[in-house]
Each structure stands twice: as structure tokens, then as C-alpha cells.
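In: Mind looking at a prediction? Sequence and model below.
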Amino acid sequence: MINAEILRSVALKGGERFVHKGRNVVAQLVRRAKRAGFKVIALKVDTPRLGRREADIKNRFTLPPFLTLKNFEGLDLGKMDKTVGLGLASNVADQIDRTLSWKYVKWLRTITSLPILLKGVLTAEDARLSIEYGAAGIIVSNHGARQLDYVPATIMALEEVVKAAEGRVPVFLDGGVRRGTDVFKALALGASGIFASKAGVRKVLQMLRDEFERTMAFSGFRLLKEITRNHIVADWDQPRAVPRL
């Protein structure tokens, strides 16, 4: 089970990544993460290949060729190019393991004792498979809507995933959190917590906390456990009967 201490570790120190096609490189990264004090491995499962980043194409986004992949320093990379090259997207696309399947999760569990969170789950079917293959937790994420056109918002997919998990593993929400009321809605729909980047946005995080606490106060709650599905009306809910006075 993912306890509060591990969740803080993920939020403050964690970093997820795509599945590298070199198993040896992955094993080295996992071992290094554990030595560095990481408590959880967050595995992106929605990137068997890179989406069409139209914003990058439109803006002609590139990185200077002298930049290096610092995350891979000190590793045995074999023939892998250690520089970014013409652009981040092209480099990442070359290194993604396109054979990614559920069996990968089982393999990953054989090389680490750290809990594994699967990030990028949006359906009940995938939630159940995640648990079947040994995930310790699920992160509902749509990759910033950059991987697939018309992908549903994470808040719309959340409840379906929570119901499929049936309390067996915690379910977290990533993406679409702009205000404290978004945090409240996520918890009301069954999320165990939400993810937001801390680096460089301390003020924003404090605003989220303040707004969330205000939302709780205005709703008449003192404890997180008091927030339930009865305290939110979603667009997909059936109309509620208005009591006669």
C-alpha cells in the first residue's frame, strides 16, 4: 500500500519516464533511483511511441546540439547517443520501447522492491489489468492531451478508474488541476490524492492549498474523509429530484 510518506516522496522527489528500449539501461536507472532515496517507480504506460507534438512542430522547437542527457550520465549506454541532437522529441522517439506490453510491468517487479505506479491509465479495463500485473497504485493521466487527439479529461476518467480499482490500490489524479476546487472534486470522485509539480511553483501550490481549504470550509467539512461522492454533481450524473417544500 502507498502510505502518506511514500506519497510525499513521489510528489517531492519522484520523476516518471517512458520505457527505454534497453533493459540494461532501465535496470541501471531503477537501481540508481533506489540508491538516491526514491520510494516509488512511476512508469508511463501511455507512451509506446511519441505522439505528434504539433505545438513543437508549429513553433519549430529544437534544443541546442551541445546539450547532453544528464539523467544518463554514469550509465552503461552501449551505442545510445548521449546528446540531445536535433531535438528532444526525435531523441526520445528513438529510445522508446515500442514493444511495451503488460508483461513489462511483471519484469520491472523482478528487478526492484520499490512499489510501481502506472501512469496514463484512463479506463476501467486498464485499471483492472494494472492491478492484475502488480501495480501498487494508478495515476490517471492523459499525458497533457499531447499523445492523442480528443482524449478525455482526467477528471472525467477518474471515477471509472476508481470504481474498477475497488479500493485494492490507491488512485491518483494527474493533470487538469488549476484551483483548489479541482482538488476537492478529485477527492470527491474517489482519488487518493493529486499530483502537481513543486519545483518553481511554491506559490501556486500554496494557492491550491488555500483554495482547497476554503472550499472545504464553505462546504462544511473539517476532515478529508468527510468528502464523499454525494458532495459533487458531475456533468454525467442523472438529474437529481428537487425536494418539494
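Out: Arrived safely, thanks for sending. Residues are numbered from 1 along each chain as shown.

In: What is the longest strand belonging to the chain packed up against?
Out: In the chain, taking DSSP state E as the definition, the longest strand is strand 116-121. When contacts are defined as 3 or more C-beta pairs under 8 Å, 6 or more residues apart in numbering; DSSP states H and E, strand 116-121 packs onto strand 41-44, helix 103-111, helix 124-132, strand 137-140. Every residue, glycine included, has its C-beta placed from N, CA and C.

In: quick one: the helices in the protein?
Out: 4-13, 23-35, 54-58, 88-95, 103-111, 124-132, 154-165, 180-188, 202-219 (DSSP state H).

In: could the ones you listed go into JSON lines alongside distance to Ile41?
Out: JSON lines is the format used below for those (distance: least, C-beta to C-beta, whole Å):
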{"stretch": "helix 4-13", "distance to Ile41": "10"}
{"stretch": "helix 23-35", "distance to Ile41": "6"}
{"stretch": "helix 54-58", "distance to Ile41": "27"}
{"stretch": "helix 88-95", "distance to Ile41": "18"}
{"stretch": "helix 103-111", "distance to Ile41": "7"}
{"stretch": "helix 124-132", "distance to Ile41": "14"}
{"stretch": "helix 154-165", "distance to Ile41": "19"}
{"stretch": "helix 180-188", "distance to Ile41": "23"}
{"stretch": "helix 202-219", "distance to Ile41": "24"}
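
In: Might you list the low-confidence residue ranges for the chain?
Out: 1-19, 78-95, 197-201, 242-243, 245 (pLDDT under 70).

In: how much space between the closest residue to Gln147 other than its chain neighbours and Gly120?
Out: Once flanking residues are discounted, Gln147 sits nearest to Gly51: 3.8 Å by C-beta to C-beta, 6 or more residues apart in numbering. In this view, Gly51 and Gly120 are 12 Å apart by C-beta to C-beta, to the nearest Å.

In: Likewise for Arg209?
Out: Noted for Arg209: a distance of 26 Å to Gly120, by C-beta to C-beta.

In: who has more neighbours, these two?
Out: Taking other C-beta atoms under 10 Å, Arg209 and Gly120 do not tie; Gly120 has more neighbours (22 against 12).

In: was I right about the more buried one contacting Val45?
Out: Yes: between Gly120 and Val45 a contact is recorded at 4.6 Å, counting by C-beta atoms under 8 Å.

In: What count of nearby residues applies to the closest residue to Lys34 other than its chain neighbours?
Out: Using C-beta to C-beta, 6+ apart and skipping the chain neighbours, the partner closest in space to Lys34 is Leu114 (6.0 Å). Other residues within reach of Leu114, judged by other C-beta under 10 Å, total 17.

In: same check, this time on Arg49
Out: By other C-beta under 10 Å, the residues close to Arg49 number 12.

In: again with Gly176
Out: Using other C-beta under 10 Å, Gly176 has 19 neighbouring residues.
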